[in-house]
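1. One predicted model, sequence on top.
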Number of protein chains: 2
Amino acid sequence: MIKRWIGIGVACCISLGGMAQSIQPGLMVTAEEITDIREARGTVPLMDQTIDQAIGKMAAVLDAPIDVPVPKDPGGGYTHERHKQNAKELRTAGLLYQLTGEQKYLDFAQQMLLEYAELYPTLDRHPVKKSYAPGKLFWQSLNEAVWLVQAIQGYDCIRKALEDSTREQVESQLFMPFAQFLSVESPEVFNRIHNHGVWAVAAVGMTGYALEAPDLVRWAFNGVPTESGMPERAGFLAQLDALFSPDGYYTEGPYYQRYAMVPYLQFALAIEHQEPARKIFEYRDGLLPKAVETLVQLTDAQGRFLPLNDAILGMSELAPELILACDLAYQYGGQNPQWLDLANRQGSVLMNGAGLAIAQGLKAGKAEPFERRSAWISDGAEGDFGGIALLRMGEDANQWTVVVKAASQGMNHGHFDRLGVMLYAGQTEVLTDYGAARFVNVVAKEGGRYLPENKTYAKHTIAHNALVVDQASHYQGKWKKGQPHAPNLKHLHLGQEGVQFVVASEAHAYEGVDMERMVALIQIPGQRAPIALDVMTVEAEEAHAFDMPIHHLGQWMEMPQSLQASERALYPLGQANGYQHIWQLASGQVDQNQGFTWLHEGRFVSMTFDTTDVDSAFMGRLGAHDPNQNLRTEPMIMLRKSQGKTATFAQAYEIHGGVNSNTERVAQPRSRIDRIASLFQNEQYGCLLLEGMDGTRYRFAYCKQQVDPTDSQAMEIEGTTIEWQGAYSFEVIEPTHTH
Amino acid sequence: MIKRWIGIGVACCISLGGMAQSIQPGLMVTAEEITDIREARGTVPLMDQTIDQAIGKMAAVLDAPIDVPVPKDPGGGYTHERHKQNAKELRTAGLLYQLTGEQKYLDFAQQMLLEYAELYPTLDRHPVKKSYAPGKLFWQSLNEAVWLVQAIQGYDCIRKALEDSTREQVESQLFMPFAQFLSVESPEVFNRIHNHGVWAVAAVGMTGYALEAPDLVRWAFNGVPTESGMPERAGFLAQLDALFSPDGYYTEGPYYQRYAMVPYLQFALAIEHQEPARKIFEYRDGLLPKAVETLVQLTDAQGRFLPLNDAILGMSELAPELILACDLAYQYGGQNPQWLDLANRQGSVLMNGAGLAIAQGLKAGKAEPFERRSAWISDGAEGDFGGIALLRMGEDANQWTVVVKAASQGMNHGHFDRLGVMLYAGQTEVLTDYGAARFVNVVAKEGGRYLPENKTYAKHTIAHNALVVDQASHYQGKWKKGQPHAPNLKHLHLGQEGVQFVVASEAHAYEGVDMERMVALIQIPGQRAPIALDVMTVEAEEAHAFDMPIHHLGQWMEMPQSLQASERALYPLGQANGYQHIWQLASGQVDQNQGFTWLHEGRFVSMTFDTTDVDSAFMGRLGAHDPNQNLRTEPMIMLRKSQGKTATFAQAYEIHGGVNSNTERVAQPRSRIDRIASLFQNEQYGCLLLEGMDGTRYRFAYCKQQVDPTDSQAMEIEGTTIEWQGAYSFEVIEPTHTH
C-alpha cells in the first residue's frame, strides 16, 4: 500500500525569496533521502535499530486513543505534557509514514491534526498567566514554538497524501493561524535576539516552507514589521550573528547551548533542503557545525557537559539533542569521522539523510575516536569578550582537563565565577563545580524549578573555585553589573611538549581589585600523570580580605595538623553570599608547607599550597541554612588572607596511587610534592618553585603576555638572573636542603 | 631443559599416619595435574591467561635482585612487606618451574631459600614487641604462619630438583626449625581453636608433607604436647568442628571468613593430595565446599560482601582469596556449574588441577549463572546459635535482598546490631550498614589499623538498623557480654509465591527487654518491584526510650513537613554510644501518615512508617566529634518513642521510578504507598495494613511461629475475625476512605 507519490518529490527548487514552491517533504527529510534509506534498510545497523525502535514506540501510541485536551495545566501538568507528547508523536508518525508507507501512520497523524484544527480556533491565551509571552496550548509561547517545530515536521511528511479539503482545514484552522500568532501577533518575541525568538523564527520559517507560504519564510529571515516598521536587525541570520561567538560558544554555557541549538539546527536543515544556495551551514565561516564541535569539546573525559553557569550535573553528549547536533555536524561540516564515534555511543541517528550517512560511515568502519582538545573558545559575538580556556593533556580516559572560566557573564543564567577553575584528572574530578541547585522535573523539589539555593548559594563566588574578596561575590552578585565586562586572556600556551598554561585577568569583578590567574598542566618527565599548578594573584587599591575556595569530592585523608575541628557544634562559615550555606568543620592558622590529601573513587588526590600569603585555612561542608535539605553536602577547603592589598595563592594538584578494595592494596598514598612556592610575580612574569618529596626542585618561570618563541626573557630573583627563550622555562634546579 | 622427573611423581601414597612418603609436588599441585595442564596449554583460555600473567609478573621479579632483609619493621614497613612478597614469589616461582621446566625459576627459588636458610638461624624474636605471640621474620606469629603456608608450596615444587646438600641445608636451617617454632615452641597458638591456630596448623602440616616429616603432620591433626600432656581438643579437625557452623558460617562474618578460610582450604587441598582416603572435603557433611557457598551467598547483587560486623565496604567475590575458594569448591564440591560463572568474573584460576577443571568447564560452555538464594544460615558450632536470614526476590541485577542479622556476637569483631537489617533493591542500597571504621593499609589513617571511631561509632547499635533502648548499645557495648547469647529464629517462610518473611527475637541485649522483628519481601501482583515490610516490636518490664535508626544513602527529596531543620547550628544527637558522632539536622513531632523519599544513584526510594508509636523523628548526618575527619558523612533517619513499656515500629520500603540525566525525564517520583499501620501484634500473630496511593488496601497477617501449611489460623481485630490457612495471609481488603 505504498503511495505512488513517495520518492518523486520536486527535483529542483527555485529560491523562495519571491515565490512559493517547496520540496515536499523537505524539513527533516527529503523524498530523495527517504528513497536512499529505504534502499539501505537492513544493511545499516544504527539506522535500522533507530527505525525499529521508533516503530516499536509508535505501536503503543497507535494502540492508545488520541487525546487533544483543552489547555489548562502549567509545565509538568497533564495537558502541558500531553501536548508536548502529541507533537513528538506527530513528527514520528510523519517520518514513519514516509519510511514505511504504512497507512496507519498517516491515519494517526491526520486524525490528530484534525482534532487540533478543531480545538485551536477556540483557544484564547492560556489560563495560566505567568509568562511575559503566554501561549495558547501552553502557558508560555516558548513551548508553543517548540510544539510547532515538531508538529510541522510531521505534517511536512504527510501533506501531499492528504485530500485537498483536509489540507485546507488543517492549514487554515491550525498551522497558518498558529504561525501568525507566533510572528505578526507576537513581534516582541519574534523579533527578539534571544533564545525564545530563535524558536519562534524556526517554527514560523519551517511552517512557511511546509505550507509554501513565502511570507512566513521572509519573516523568519527578516523579522516581522511592527507599528514602527521593519526591525533593523531581526530574524534567523541576525540571531546566528548575535547569539554565538565566532567559535560557536553560547554565553549561557554548554548545558543551555545543548538546548538552544535545536531550533537553529532544525531550521538550518530545512533551509539546506529548500534553499541549498544559501549554504546555511557555511554561514559565518561554518558557524553551526563549529558550534556543535565547541559544544562537545565542552565535556569532561566522561562526556558530561562542563557545569558552567546554571547547569545540571550529569547531562552529557548522549542527550537526545546531541543526536541532532552530531548528525548534522557530520553531514554538513565535512564528514569528520570523529562524529561517527560519538554517534556510535549515542546509539541512535536521525531518520534522514544525515542519519543515513552516519549509519553508513559506521558500517564502513570509518569511525575515529572523538578527541577532546586544548583550546581557547572565545566568547562574544565578535569573539573578543573573554572565553573559556581548555588545557588537555594525556589520552582517552586518562586525559587531564583544566577549564578556566574567563568568559562573560552568561546573562541571568550566569554564575559569579570569574577566572574560576575546574580540574579533571582523567575520570577523577579534582576541582568541581556545584552546577545549578535544581532537581529538574522533580515535583517535590520546588516543582522541578530552580531551588532558592541556586540564588543563595550556587551562583555565588564562594560556590566556585574562584577568588572571593571581603566575603562578597563578583559584581555584587548582580548579573546585570557583570554583563558589560569580560575577563581578559593574557597568554595561552598550548605546546605539545608537556607544558600548557593560560594566564587571564579580571579587573571589574570588584572595584579597585585586579585578579590574575595562571593555571598550568605540566608533565614532569618520568612521572605517569601530569600535575596542575594554579596561581591566583590579586592587587587592590585598598586592603581587603581574600578567600580562595577549593571545591572537591571524596574523603579527607590528610590535612594540616594545625587545623582544629569543630567537634561539638557546627556553625556557618559566614552570614551571606553563599557563606551561610557552608558548615565550618575545621579551621586554623597555617605557617609552613601544607597540603591536603583526599580519596575519591579509589584514587588519592593531593593539593599542596604556598602558605606565604595564607594566614588561615578552613574545611567546610555544604548544608547550613538548608531547611529542605536541598543541597548536596559536599566538602570544600578555603584558604584565607585576612588583610592585605595584594595576595598570591599558589597551589599544586596531583593524583597518585589508589586503593583496590578486593586486594586491599594501597598504592602511593602520599603526595609526591612537598612544597610549592611563588618566587616572583610582576606584570610580565611569574615564577614558581616546586619541590618533590625526593628533594628534586623544579622552577617554572613563565611569561604573562604572549611572546615570540624566539625572544629571550629574563627576570631577577634575589639577585639571581633567570633567563630563557620563549613562553616559559621549566627546569630542575640544584637542591638546597634548607627548608 | 625439562627435568626428567617432572610428571613421574609417586603413584600411590600410604597414609602418613605413621610413615613418611609423600607425593611431591603435592601441596598446591601434583605432578599429574602438572602434566594435564601442560597438555591442555593453549586450549584453555582462563588457565592460559593466568599462567601468562604469572610469567609476566615473575619476569620483573627475576630482573630485580633478591632481598632477604634482617627483620626490623612492623606491619606496613619495608622488611614486613618484603618478606610477605618473597613468600608469594617463592610460591609462584615453584609453580612456574613445574609448569614450564625453566631453570631460571628453580635458580631464583633456590637462591632465595638459601638466603633465608642463612638468615633464619640468626634470628631471635622480632624487635617490634607488640603481639601476644611474636614471630621472627614478622612482629606477630600469624604472619609467620602465612609466610610458611606460601613458601612451603614453592619449596614443594622444587624440592626434588635440588642437590641433596642444598635440600639438607634448607630443611635443617629453615623449614624444620620454622615449623618447630610455630608448633612445639608456640603451643599456646598452635593448640588454640582460633584463626591464628588454623594458620599455624596448616603451615606446619603442609611442611610435614613437603619434608616427609610425619611428626609435623601428626601435630597438625592432633595438636602438640604441652607440659600438661596432649591437648584434649586441638588440631585441624577440631578447628573445622569448632569455628564454622554446620552451614559453613564463620561467626565474625563474611569479610573475615574470606580470609579465615584460606589456611583451611590450602591445608585441605594438601591433605586431599597426600591422603585422599581422609576425604577431607567431605568432612562434616562437606563443610568446606559448603562454607565457600555460604560465603558467596553472603554478597549483595553486585557481589560485594554483606558488611556484617567489622567489614570493609567494597570487598567482593573478586577478592584473590575467593579464587582459591571458588576453584576448590568447584573441584571438590560436586562441580556445580555456577562456580564457573564466578570464576569467569574473577578472570583467573589456580595453577593446578582445580583451576584446570574450571578453565576446561568454561571452555566447554558449562557455566550457569551464579544464583543468590533465600536462606537461613545457621550460626554456632552446632547450628543452633542464631544465624543470618537472607530473603531474596527477583532476578539478577533486579534481585532484592533482605538481610536480618540474628547471628551471635562474632567475638571482638562483632557489632552490637542484634536483629539489625540491611536491604538492597537490586543494585540500589536501601538500608545500609556502615561497616568498619577503617581505611585498611592507608598509613595516614592510623597506620591503616582500626580507627578510634570503629569503637566509638561503627560497632554501636545506633550505627545500625537496629533498635536502641535508652540510647545505650546492646549488651552495654561489651562483646563478652553478648558472646553467650544469640537471637532466636521464630519463623522463616521462603515461599515461591511472592511472599517471604522472617521473624526473629532477641531477649538478652537489654535486661528485661524482649525485641522481635518481622521483615518481609512482598511482590504485589501487577507491580514491577517488590516492597519490603519491617516491623520491630518491643516489650519491656520497665518503661524505656526506644530509637529506631534507619541508615541509607542519597539525597532527601521529601520528608515530614513537621520536622524543623537546624539551620544556624548543628549539635550532636546525643552524648555517647555513637550518638555523639551524629549531627542532628532536623527533628520534630510526627502525628499522621508520614514518610521519607530520597534519591540514590538515579532511583527514588521511599520509606513510609506507622506513626502510632513514634512521637518524634530525627534526621542526622555522621561527622560530629570527628577530629580527623575519619567518618563518611552519611545521612540517617531516626524514629523515637520517648517513653513506654512497649513499642511497635512498622515501616514499608519501596523503590520507584528515577531520573535520567540525559533526557531529564523523571519517572514516578512519588511513593506508591500512602500508609502502613500495625493492626495487631501478640505472641502468635502480627497483622499489618498497607494502603496504596490509589486507595487499594492490603492486609498482611502472619504467624510468628513456624506452622503447618494446612493448619487454620485466626485472629480477632476490633471484633472482626481474620482467618487463613498456613504461614500468612496477604489480601486486598475493602477500602474505607476514612483516614
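-> Perfect, thanks for sending it. Everything quoted here is computed from the prediction, not taken from an experiment.
2. got any ranges where the stretch 601-739 of chain A has weak pLDDT?
-> Where the stretch 601-739 of chain A drops to pLDDT under 70, the residues are A:735-739.
3. what about whichever residue of it sits closest to chain B, how many residues close to it?
-> Nearest to chain B in the stretch 601-739 of chain A, going by C-beta to the nearest C-beta, is A:S661, at a distance of 3.2 Å. C-beta here means a position set from N, CA and C on the backbone, and glycine is covered the same way. Here the number of neighbours of A:S661 (other C-beta atoms under 10 Å in any protein chain shown) works out to 16.
4. got a list of what A:V184 touches?
-> Contact analysis of A:V184 by C-beta atoms under 8 Å, 6 or more residues apart in numbering or on different chains lists A:F190, A:W219, A:V224, A:P225.
5. Please report how far whatever residue of the stretch 251-400 of chain A ends up closest to chain B lies from A:T401.
-> Nearest to chain B, among the residues of the stretch 251-400 of chain A, is A:G314, at 3.2 Å (C-beta to the nearest C-beta). Distance, A:G314 to A:T401, using C-beta to C-beta, to the nearest Å: 17 Å.
6. who has more neighbours, the two?
-> Neighbour count, other C-beta under 10 Å: between A:G314 and A:T401, A:T401 has more, with 24 against 17.
7. Name the helix or strand for that one, please.
-> Using DSSP states H and E, A:T401 sits in strand A:400-406.
8. Write out the residues of the stretch 351-500 of chain A neighbouring chain B.
-> For the stretch 351-500 of chain A, the contact set with chain B under C-beta under 8 Å from any C-beta of the partner chain comprises A:F439, A:V440, A:N441, A:V442, A:V443, A:A444, A:K445, A:G448.
9. how many other residues sit next to the fourth one?
-> The reference is to A:V442. Count around A:V442 with other C-beta under 10 Å applied: 22.
10. any idea whether it is helix, strand or coil?
-> Look at A:V442: counting by DSSP: H, G, I helix; E, B strand; the rest coil, its state is coil.
11. Please name the residues that touch it.
-> A:V442 neighbours (C-beta under 8 Å, 6+ apart): A:G448, B:M557, B:L599, B:V659, B:V666, B:P669.
12. ok, back up a step: now the residues of the stretch 351-500 of chain A next to chain B: which count as buried?
-> A:F439, A:V440, A:N441, A:V442, A:A444, A:K445, A:G448 (16 or more other C-beta atoms under 10 Å in any protein chain shown).
13. Please identify which two of these are farthest apart in space.
-> The most widely separated members of these, counting by C-beta to C-beta, are A:V440 and A:A444 (12.4 Å).
14. returning to that earlier point: next, format the contacts of A:V442 as a markdown table and append secondary structure and distance to A:G387.
-> Shown next, in a markdown table, are these (DSSP: H, G, I helix; E, B strand; the rest coil; distance: C-beta to C-beta, whole Å):
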| residue | secondary structure | distance to A:G387 |
| --- | --- | --- |
| A:G448 | helix | 32 |
| B:M557 | strand | 38 |
| B:L599 | strand | 35 |
| B:V659 | strand | 32 |
| B:V666 | strand | 34 |
| B:P669 | coil | 39 |
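15. Could you turn the buried ones of these into a ChimeraX selection?
-> Here is the ChimeraX command that selects the buried residues among the contacts of A:V442 (16+ other C-beta under 10 Å):
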select /A:448 /B:557,599,659,666,669
